[in-house]
Every structure is written in C-alpha cells, then in structure tokens.
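S.K.: after the sequence you'll find the predicted model.
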Amino acid sequence: ENIYALESLKGDIVWGCWGLKRKSQLIGKSAENGHLLAKIAFQFLKPALRCAIALLIGSHHIILLGEVFMTNDPQFHFKKNIKSLCLAAAFACSLTAPSAIAATETVLYSFKGGSTDGAYPYSGVTMDSHGNLYGTTTAGGSHWVFGGQTGGTVYRLSPLPTGNYLETVLYNFGGTLDGNTPYSGVTIDSLGNLLGTTFRGGQRTDNGIFYRITPGIRWTETGIFSFPAGTAGANPQDLGTVIQGYQGYFYGTSLNGGANSQGNVFKIDEQANETVLYSFNRSDYYRDGTSPTDGVIMDAGGNIYGTTSTGGNGPCSIGCGTVFELVLQENGTYAESILHNFVGGTSDGEVPFGGLSMDLQGNLYGTVTEDGLFGRGIVFELVRLGQGQWQEKIIYNFGENPNDGTAPWGKLIIDHDGNLYGTASGGGMYGDGIAFKLSHTGIGTTWTETILHQFGANGDVQSPKGGLFMDASGALYGTGWYGGAHSNGGVFKIVP
C-alpha cells in the first residue's frame, strides 16, 4: 500500500507519519506557502508494515534513520530497510501526534449486510434505560436490492452478561409504499416507541416518511406521514434525529422542498398533523441559508436552533452555510434570525453538515466540514452576547498535526465539565477518521484536542458520520459508515 509522507506544515521541515489504507493520495497543503514539497511513496511487501517517516530539509534532502538520500525528483520508490523505517515512524509519531489518552475502543457489532442484516449506518445511536442501543442503517435488510436505493433497517443492540451485544433487526424498510434509506436515527418516546424519518420512499413521489415503530413480540411500523414535497418539504436527511419538544411535537428539517424548494423546518405529531415552521429562501434580495442536513435543538423557551449546509451571504458560489434561530412568537409562529454566516477560507469554515449543541449558558457549538486554518474543518462556538447578538469563535482547527482528523461531520456532545466530544469522518493515522475530545480550563483559555481513537485498523469501523452518545459512566457510543468485520459498518464503544 502506498504511504505518503506529509509535506511541510511550517516552512520546509516536516516530521510525518501517515497510513492510508484504502487509497493513494497526497494529504495536505503547505500551511505557509501552499506548494507541494514532496510526494514520497514507500511500497511495502507486507500490509502490516504501514508506516513512513521523512524529514525534509530544504530541497529534497531526505534523512531516514541516519541514512541520507539525495534526489532531485520529489517522487521516488523505496523498498528497503523497512524495519528501520517503521522504528523511525514510531519515534516521529511520538513527537508530532496530538495529545492522546488511554481510551479503549471496542466494536460492539459489525453489520453483515445482505437480506438478513443492515449495512452502512449513517447516524449515531441512542440508548434506553436498560442500556439497549437503537439505530438505523441506510441499506441492507429484506427489501434491499444490490445497486438500488431501497432498504435499510432499524436495529437494537442488547447487552449480554458476557459483555457482548446481541443484534436484533426490529424493522426492514422498503416494502410497497414504505419509506427507505433512513439517514436519521431514532428518538424514543415515553412509551418506548421509536420515531424517525427516512430520506426516500413513501406514498408521495419518493420524498421520505415520518414513522413510528411500536414494541411488542414483533415490532410493528406505522408510516405516520409521507412527505409530499412542495411546501411540506421533502427528503428529511437529519444526521441526528427528530426531537420531541414544545407541546409534545416532533421537530426536524428537510433537505429539499419547502415553499422555495430550499429546505424547511417542520413540526409533526403522531396523528400526522404537520406544520411547516419555516421555509428557507435564498434569493438575490435575501441571503438566507439553504439545505439543512441535520436536525434542530430547542431551548427552554421553545426557540429552535440549527444549521444550513449552504446559503447565507458568504463568498462561496452557493453560500458557505449558516447558523439560524427560529424565535417563537406570542401567536405561536416562528421568525428566523441568522446568527452567523460562514465565509470559508482560513479564518472560518464552510459547509456545516452537523447540527448544534448548547451549553448551560446558552452558547452554541458545532463543526464545519471544510476550510479553516489548515483546510480540514473547524469546531466553532457562538457566544451569546445578549440582546440578540452573537459572536463566533473558532476554538479548534483540524489538521495541524499529521494524525489529526479531517472533515468533522456529526453533532458534538458536552459533558458536565464543559468538554466537547465528537468525530471526524476522515484523516487520522489510517485515513478513516478519529474520535476526539476538546477541553479547556476556563473562559478565554485555549482549547486542547485529545485524540481518543484512530479509526480504521484491521477489523475496526471507518468514517464515522453521526455524532456520539454518552452514557452515565462517560462511555461513548457511535457508528462507522464503513469497515468492521464485514466492511458494512458497525457500532463502537469508547471508554476514555
């Protein structure tokens, strides 16, 4: 497999070690001068030997464990001294890697795919009071057709006394007029029902459904509402889940549809009564956000907060995305306020796929998939200043260190000490993403990243898209879109 040394992040000197398991690509751009310094490919004889180290000084002087190789060609083939190379790589990683703690990751379940099991979980998991985990897969199941866009499952993982987990497929999507391809996870109501949305399927031109799955000897599904497109919205693609909030309604977003075909925010009850709270509307006259790809959160006053992946008045061709608030009015309607327009570049991010989290002071936190100082995504905070004013702070830029993640996707979670936890869908030691923690010691202090886990080793899950769930003990649960024992994704647990 091809292993590339990283080019310079600061000037012309770099210590780099990086393993790319599945594809060959040069990672990163020079943070200071933007040009490629070197592209060094090491072809190993055994897959287990996945490490490389290079110290680039000036013009293609390469030092490997005391041996100096001179070349005018930045691309060369190296096929010897593998043992020394790996020892050097381990040493270099200890110098350059971000802070790490002794966290333990376990793959609780690897999806098998096919007609008997799900495959490719996009969103995260939720947990009931008995420790059972629930989630969805976008493919697989009894109605899934290879190469098609039907299928998907709702599953449960039940803890066993042995420490293992037993999977049960509770429902297979994709029957006649049923929903399919559930990108969002599930919400558990007070009766133990599971509620969620699918991206496709339904009775109205393949725009997705809002469903309820009722527990019993055999779990049963009810398609409560089929999204009809038009003003009602279409294709709900929440990375998280619908939430149950004000007056018992369920609240969510749709990627398409709405009055302007640019997405909307809706509420719906279990009797199929849907109300569109807001339709996004970006035009030449009003630079609104468009295409929300995650769900919303709600404060104690019934106000709603979320992100749009595009739109706003940023310099990107279709806008760089926004953070919005829907303010509850006295008559029960909502008025939109844009809290932040992302502008991209090195000073900000663009394309916020993930949703928001709120701390006890009412400040908002989220991730942005692209751009930032190193071009690999950011974590931001929106500080509530009062009187409707907010200030954005970039609290972390991904990519300064070679083992860091890139393209953070899911929503963050906040623990009781104010630490942030999340995942990045790419980057890391194996190119398959990381789980991370961001902590700081007080207001105004610098946030520090700790890498909890590097995804992508043999048998591990890869590319986590959804957010994490934290139980009462502080253990973290989530999903990997790919990987696992059967390459169909899986569910993992991390104990910090």
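M.R.: Thanks, I have it.

S.K.: residue 345 belongs to a helix, doesn't it?
M.R.: No: using DSSP: H, G, I helix; E, B strand; the rest coil, the assignment for residue 345 is coil, not a helix.

S.K.: surely it meets residue 371?
M.R.: Yes: at 6.0 Å, residue 345 and residue 371 qualify as touching, with contact defined as CB atoms under 8 Å. To be clear about C-beta, it is placed using only N, CA and C from the backbone, and glycine gets the same treatment.

S.K.: those two - which one has more neighbours?
M.R.: residue 371 (23 against 16; other CB atoms under 10 Å).

S.K.: please tell me how far residue 291 sits from residue 468.
M.R.: Plainly put, residue 291 is 24 Å away from residue 468 if you go by CB to CB, to the nearest Å.

S.K.: what does residue 172 give?
M.R.: Using CB to CB, residue 172 is found at 27 Å from residue 468.

S.K.: please apply the same query to residue 174.
M.R.: Residue 174 is 28 Å from residue 468, by CB to CB.

S.K.: what's the answer for residue 241, then?
M.R.: Residue 241 sits 13 Å away from residue 468, taking CB to CB as the criterion.

S.K.: who has more neighbours, these two?
M.R.: Between residue 241 and residue 468, counted using other CB under 10 Å, residue 241 has the larger neighbour count: 28 against 24.

S.K.: wait, that one touches residue 188, no?
M.R.: No: the pair residue 241 / residue 188 is not scored as a contact, 9.4 Å apart, by CB under 8 Å.

S.K.: tell me where the stretch 151-300 of the chain has strands.
M.R.: In the stretch 151-300 of the chain, the strands defined using DSSP state E, counting those that start in this stretch lie at 153-159, 165-172, 179-180, 187-188, 194-197, 200-201, 209-214, 220-226, 243-244, 250-254, 264-268, 274-279, 289-290, 297-298.

S.K.: low-confidence stretches in the stretch 51-200 of the chain?
M.R.: 51-102, 147-149 (pLDDT under 70).

S.K.: what's opposite residue 389 in the beta bridge?
M.R.: residue 386 (DSSP bridges).

S.K.: sorry, back to before: for residue 128, find the nearest of the strands of the stretch 151-300 of the chain.
M.R.: Counting by CB to CB, residue 128 lies closest to strand 187-188 out of these; the figure is 5.8 Å.

S.K.: neighbouring strands of the closest one in the sheet, and parallel or not?
M.R.: As defined by DSSP bridges, the strand partners of strand 187-188 come to strand 194-197 (antiparallel).

S.K.: identify all contacting residues around the strand it pairs with.
M.R.: By CB atoms under 8 Å, 6 or more residues apart in numbering, the surrounding residues in contact with strand 194-197 are 134, 136, 154, 170, 179, 182, 184-189, 208-213, 236, 238, 241-242, 244, 250, 252, 270.

S.K.: residue 414: which of the strands of the stretch 151-300 of the chain is closest?
M.R.: Using CB to CB, the strands of the stretch 151-300 of the chain put strand 297-298 closest to residue 414, at 11.5 Å.
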